[in-house]
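A.B. asks: Here is my input; please provide its structure:
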Amino acid sequence: MNRRTESGNRKRRGRLDDERPLVPRSGVRSREVRVLYVACEGESTEPDYLRYLNERFGDADGGPWRPFRIQPVYRKNGMTPSAVVAAVKDMAAEDEAWALFDRDQRDDIPNAIKVAAESGIEVAFSHPSFDLWLLLYFQPFCGKQSGSSKIVIEKLRQAGGAFKDYDKRGDKSIRDARRDALNGRERSAITNARTLIASCPHGSCTHKQSETIGNRPRQPLRRTLAARALVGSLRPRPGLSGSPA
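C.D. replies: Residues are numbered from 1 along each chain as shown. As a prediction, the model looks like this:
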């Protein structure tokens, strides 16, 4: 059965070892919900952030009906980019699939992108320091990092009270007060990100690449999920009713 038929008949999968059925909030949905399975390298920050996005923009439990649901796919101790692609390929079936991984020095990134393109899986690069995206919720950032997130984390701790202990004792979760601190700042984050991208001297930023390939079918779209939700590009596919809030 196509998992996109009715949310009451769907299964929600997150951790690869978690096969618990999805329990609908109030009986079987009368309208279809588009499911976006997003596999990610990390086991804490990225899945927590995706859950936040789903609560903010998606068909989250306890919230109003919306035409899409973001479902994180992750594994304890993380995954390589190729493993990310393989995981979401197996999980998503006919639902929309995204592979989220850092644009770092991993050797298998080209192969992961190739397999994703062949499988119709969207690719979302994140900065090697995902923490930078969180910082952009609170303030602009310019300057080289040399692959280190130390400066970003220090600024993030100073910018938001809920993040004052971020990454201390390994706690990089995005829950409770930290989610509340992010809430409503998405447009600021996007504006700050675009300003940072515009300052890239090499001109090959993934945002610019997405503008040129965004309309090509079955190509990896390198876009920010929050930005897609805000600008309304998470439109229902033909046959689905409703529109994003």
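
A.B. asks: Would you indicate which residues of stretch 130-141 are buried?
C.D. replies: 130-138, 141 (16 or more other CB atoms under 10 Å). Using the backbone N, CA and C atoms, a C-beta is placed for each residue, glycine as well.

A.B. asks: Those residues into TSV, with extra columns for secondary structure?
C.D. replies: Shown next, in TSV, are those (DSSP: H, G, I helix; E, B strand; the rest coil):
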residue	secondary structure
130	coil
131	helix
132	helix
133	helix
134	helix
135	helix
136	coil
137	coil
138	coil
141	coil
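
A.B. asks: For the residues you listed, which two are the farthest from each other?
C.D. replies: Farthest-apart pair in the buried residues of stretch 130-141 is 130 and 138; separation 14.9 Å (CB to CB).

A.B. asks: Helix or strand: which one has the residue lying closest to residue 135 once chain neighbours are set aside?
C.D. replies: Among residues not flanking residue 135 along the chain, residue 156 sits closest, at 4.6 Å (CB to CB, 6 or more residues apart in numbering). Element membership for residue 156, per DSSP states H and E: helix 150-159.

A.B. asks: contact partners of that helix?
C.D. replies: Helix 150-159 is contacted from outside by 129, 131-132, 134-135, 138-139, 141, 143, 145, 163-167, using CB atoms under 8 Å, 6 or more residues apart in numbering.

A.B. asks: Could you find the lowest-pLDDT member of the residues you listed?
C.D. replies: Of all the contacts of helix 150-159, residue 145 carries the smallest pLDDT score, 63.
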